[in-house]
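Peer 1: dropping the sequence and predicted coords here.
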Amino acid sequence: MAARGRVRDKEKLSLERIVDVAISQLRERGYDAVTMRSIAAELGTGPASLYAHVANRNELDSQVNARISSMAYVPEPDPSRWDEQIAEVARELLRLYREHPGTARCTMGNMPASIEALDPVEKIFAILRAGGVPDQDASWFGDQFSLHVAAFAMEEDIWKSRARSEGLTEEEAWDHIPPVFMNLSVARFPVLTSLAGVLTTGDADVRFAFGVDLMIRGLKARAASAAERASLPGDSVDAC
């Protein structure tokens, strides 16, 4: 009877279950503590059983990324407000990473390759194209955009993990930062001490929005410049 039970359990093992456990452990333990062995143990099997569904940790990260990506809502392109749409997508992705701590790390050094992961990417590029962003700029922006969102979420995960390990709340962990700048020697750090107040203002959402806005404004400026160059007569372009 026990043998039959084990067989039934193995038959239930699936990629979906593996990813479910991976996401759960990422939330509870953090990225570095999650391994194929820890996932297998929770599923009541050996690591070798997992390799029938995922080849290695890198592929597991890809599957986690695909799961999170599949949850993202990306609107249909609206040329009249494409910049606002990109900002909305940034907030949507950050929301998902916050709801699933540890998963942002799975995107680092991991190119999206599955249909689930590429679907929102396709839609983001469609928005950029609708906004008249040159293809090369859109391509490089897509890379920097994803890095900004994922890195921001990763840093939040690190802060939260550090606070928990030290028995502090997130607010308490942050409170020790302002005095670092305020107590500096004015003679040695005249600029930093003068900026002590503004360096530590703004919550996470405000800072995130600032970064996204900075990127989009730069992209819009480059798109406008490219459109202006394209409208010049051929002789004028050559003269430049």
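Peer 2: Cool, the structure landed.
Peer 1: now do the domain split for the protein, please.
Peer 2: Here the domain parsing of the chain from automatic domain parsing is 1-54, 74-230.
Peer 1: which among the ones you listed is found nearest to residue 64?
Peer 2: domain 74-230 (4.4 Å; C-beta to C-beta). (Glycine included, C-beta is placed from N, CA and C.)
Peer 1: what are the ranges of the helices in this structure?
Peer 2: 2-12, 15-29, 36-43, 47-50, 57-71, 82-99, 115-130, 135-165, 170-175, 177-182, 190-194, 196-199, 204-231, 234-239 (DSSP state H).
Peer 1: mean pLDDT and distance to residue 106 added to those helices, as CSV?
Peer 2: Output for the helices of the chain, formatted as CSV (pLDDT from 0 to 100; distance: least, C-beta to C-beta, whole Å):
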stretch, mean pLDDT, distance to residue 106
helix 2-12, 48, 24
helix 15-29, 96, 8
helix 36-43, 95, 13
helix 47-50, 93, 16
helix 57-71, 94, 4
helix 82-99, 98, 10
helix 115-130, 95, 10
helix 135-165, 92, 9
helix 170-175, 78, 22
helix 177-182, 88, 28
helix 190-194, 95, 35
helix 196-199, 91, 31
helix 204-231, 92, 19
helix 234-239, 50, 45
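Peer 1: what would those helices look like in CSV with distance to residue 105 and mean neighbour count?
Peer 2: What follows is the helices of the chain, written out as CSV (distance: least, C-beta to C-beta, whole Å; neighbours: other C-beta atoms under 10 Å):
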stretch, distance to residue 105, mean neighbour count
helix 2-12, 28, 10
helix 15-29, 8, 17
helix 36-43, 15, 17
helix 47-50, 19, 15
helix 57-71, 8, 19
helix 82-99, 9, 19
helix 115-130, 15, 17
helix 135-165, 6, 16
helix 170-175, 19, 13
helix 177-182, 23, 13
helix 190-194, 31, 12
helix 196-199, 27, 13
helix 204-231, 17, 14
helix 234-239, 45, 8
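Peer 1: okay if I get the ones you listed as TSV plus distance to residue 107?
Peer 2: Shown next, in TSV, are the helices of the chain (distance: least, C-beta to C-beta, whole Å):
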stretch	distance to residue 107
helix 2-12	29
helix 15-29	12
helix 36-43	19
helix 47-50	21
helix 57-71	5
helix 82-99	9
helix 115-130	9
helix 135-165	5
helix 170-175	23
helix 177-182	27
helix 190-194	33
helix 196-199	28
helix 204-231	16
helix 234-239	39
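Peer 1: right, and these - which one's nearest residue 109?
Peer 2: helix 57-71 (8.5 Å).
Peer 1: and the contacts of the closest one?
Peer 2: Helix 57-71 is contacted by residues 15, 18-19, 22-23, 26, 35-36, 39, 54, 96-97, 100, 103, 105-107, 110, 112-114, 116-117, 119-121 when judged by C-beta atoms under 8 Å, 6 or more residues apart in numbering.
Peer 1: go again using 7 Å as the cut-off
Peer 2: With C-beta atoms under 7 Å, 6 or more residues apart in numbering as the test, helix 57-71 has contacts from 15, 19, 22-23, 36, 54, 96, 100, 103, 106-107, 110, 112-114, 116-117, 120.
Peer 1: how about the residue nearest to residue 220 when sequence neighbours are not counted, what does it touch?
Peer 2: Closest residue to residue 220 apart from its sequence neighbours, by C-beta to C-beta, 6 or more residues apart in numbering: residue 83 at 6.2 Å. Residues in contact with residue 83 (C-beta under 7 Å, 6+ apart) are 131, 216, 220.
Peer 1: thought the first one was touching residue 82?
Peer 2: Yes - using C-beta atoms under 7 Å, residue 131 makes contact with residue 82 at a distance of 3.3 Å.
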